[in-house]
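Asks: below: sequence and its predicted model.
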Amino acid sequence: MKRDFLTLWDLSSDEITALLKRAIELKSGMDANRCPLIGRSVGLLFEKASTRTRVSFEVGIYQLGAQSIYLNPREIQLGRGETIGDTAKVLSRYLNAIVIRTYAHSTLEEFASHSSIPVINGLTDLHHPCQALADLMTILEKKGKLKGIHLAYIGDGNNVSNSLIEAASRMEMNLTIACPEGYEPDPDLLERARSSAKSEIIILRDPREAAGRADAIYTDIWVSMGQEDKAEEKKRKFKNYQINSALLPCAKKDAIVLHCLPAHRGEEITDDVMDGPQSAVFDQAENRLHTQKALLEFLLT
Ligand code: CP
Ligand code: NVA
């Protein structure tokens, strides 16, 4: 029976714990010459731009001994009207897994429902679960634990925040999100996460209040891919939702700073914070590679 990774709910807490342990082993160089996926092929079907997700998957797939095939939707028949279902059925006959980056989460779900191979969410408008795995690994590396950690997210209630909510619920982290009114995370997803959480998930308005007690303080761009028409309005609404040298001292002294990247320096985060001693953003970006290799091993072996 194939397993998909469309949201964090597709993995249990124990599975996430084991996956993070394996990612840390892989990062240490252990098994560097082991190629468990030799002879396999993994597709990458991306409808949006990507630096980290695309490159970390392509490199990780190669390091595991498999082949990656990048599929630009404009260059395959999907772009000329072949249905998602037919595309999924055909690609399932060639590939062993597929990573998809698209707009509507329902497109990904439709693909997965017609596919007989594991489907991995490489970002949708609603979720970014591969990012959340790397975020968890980074917090674990830097703080030594996840349970009981206080994470503050300052900014848009978007795909990244939605997956962080699920990650916090799964791993018993406390999460406080500060966002302007009207930019909250998805309410259904929030309710589900809260109902199964043993930790607190709080939404409030004041970034300083959210940052208080934080072991880690996280932000993402204000204008996500596909929202370009709302750029001016969002930049106005989010101007006070910036991680800067005035906000950072509200968090614990040893708090780390996280950002999924790409950053819009001078908007949601300032240069001094992003390049400062508390920043873990480039370790976090690196951890995409290790967590995704662990994920591919888990789904395909
Ligand atoms: N964080 C992230 O997913 O980056 P890319 O958009 O560059 O893949
Ligand atoms: N929220 C951002 C994340 C980019 C990795 C977006 O969807 O564009």
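Replies: Arrived safely. Numbering: from 1, shown residues only. Ligands and ions are numbered 1, 2, ... in the order given.
Asks: quick one: contacts of stretch 16-24?
Replies: For stretch 16-24, contacts defined as CB atoms under 8 Å, 6 or more residues apart in numbering pick out 8, 11, 133, 136-137, 140-141, 167, 170-171, 287, 290-291, 293-295, 297-298. Heads up, the C-betas are built off the backbone N, CA and C, glycines and all.
Asks: next up, phi/psi of the residue in the stretch 151-300 of the chain that ligand 1 sits nearest to, please.
Replies: For the stretch 151-300 of the chain, the residue closest to ligand 1 is residue 260, as judged by CB to the nearest ligand atom, at 4.1 Å. Reported as degrees, to the nearest 10, the phi and psi values for residue 260 are phi -70, psi -20.
Asks: now residue 100
Replies: Note on residue 100: backbone dihedrals following degrees, to the nearest 10 are phi -120, psi 130.
Asks: please apply the same query to residue 293.
Replies: Backbone geometry at residue 293, expressed as degrees, to the nearest 10, gives phi -60, psi -40.
Asks: spatially nearest residue to it, not counting backbone neighbours?
Replies: Nearest non-adjacent residue to residue 293, counting by CB to CB, 6 or more residues apart in numbering: residue 60, 4.3 Å away.
Asks: residues contacting the most centrally placed residue in the chain?
Replies: Nearest to the geometric centre of the chain sits residue 131, at 1.9 Å (CA atoms, centre = their mean). Listed by CB under 8 Å, 6+ apart, the contact set of residue 131 reads 53, 123, 160, 163, 260, 288.
Asks: let me know the helix or strand that the first one is in.
Replies: It stands for residue 53. Take DSSP states H and E as the rule and residue 53 turns out to sit in helix 52-63.
Asks: show me which positions of the helix or strand harbouring residue 195 end up buried.
Replies: Assigned by DSSP H and E, residue 195 falls within helix 187-196. Buried residues in helix 187-196, defined by neighbour count with 16 or more other CB atoms under 10 Å: 189-190, 193.
Asks: what's around residue 166, how many residues?
Replies: When neighbours are defined as other CB atoms under 10 Å, residue 166 has 25 of them.
Asks: surely it touches residue 132?
Replies: Yes. Contact status for residue 166 versus residue 132: in contact at 7.0 Å, counting by CB atoms under 8 Å.
Asks: need the residues touching each of these two.
Replies: The contact sets of residue 166 and residue 132 overlap at residue 8 (CB under 8 Å, 6+ apart).
Asks: helix, strand or coil for residue 25?
Replies: Secondary structure for residue 25, judged by DSSP: H, G, I helix; E, B strand; the rest coil, is helix.
Asks: what does residue 176 give?
Replies: Per three-state DSSP, residue 176 ends up strand.
Asks: what helices or strands is the lowest-mean-pLDDT helix or strand in the chain leaning on?
Replies: In the chain, no helix or strand scores lower on mean pLDDT, DSSP states H and E than helix 187-196, which sits at a mean of 95. Counting contacts by 3 or more CB pairs under 8 Å, 6 or more residues apart in numbering; DSSP states H and E, helix 187-196 packs against helix 159-171, strand 201-204.
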